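Chemist: Take this sequence and fold it.
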Amino acid sequence: MREDIEIFKSSLIVDESKDVGEREHMAIIVRFIDGNGFVRELFLDVVNVNNTTSFTLRSMICFVLSRHNLNNGDVRG
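Modeler: All right, here's what the predicted structure looks like:
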């Protein structure tokens, strides 16, 4: 499946929420069209974030993408 993500441009679905301990978490999902033309979504990770500034969120997104060997330059949307 990862090969399909590399071939086609993808988009991210990012959602954040607080847990009962008031800690911020961010879920990251990649959405892409696979080699058969079907829209697929692949859960990547849930990460803890210290704050929800754009710098922090972008840094964590780039970190997760690189950990999964995905190029943030291929993300659209």
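Chemist: Mind pulling up the pLDDT for the most centrally placed residue in the chain?
Modeler: When C-alpha atoms, centre = their mean is applied to the chain, the residue found nearest the centroid is Ile28 (3.5 Å). For Ile28, the model assigns a pLDDT of 92.
Chemist: So in that sheet, which strands flank whichever strand or helix holds it, and in what orientation?
Modeler: Mapping Ile28 onto the secondary structure by DSSP states H and E places it in strand 24-33. Looking at strand 24-33 with DSSP bridges, its partner strands are strand 10-18 (antiparallel), strand 39-49 (antiparallel).
Chemist: Which one, of the ones you listed, ends up nearest to Asn69?
Modeler: For these, the distance to Asn69 is smallest for strand 39-49, at 11.2 Å, taking C-beta to C-beta. From N, CA and C alone the C-beta is placed, and that goes for glycine too.
Chemist: coming back round to it: burial of the spatially closest residue to the residue nearest to the centre of the chain that is not a sequence neighbour, as a residue count?
Modeler: Distances taken as C-beta to C-beta, 6 or more residues apart in numbering put Leu44 closest to Ile28, at 4.6 Å, once the chain neighbours are dropped. Neighbours of Leu44 under the rule other C-beta atoms under 10 Å: 18.
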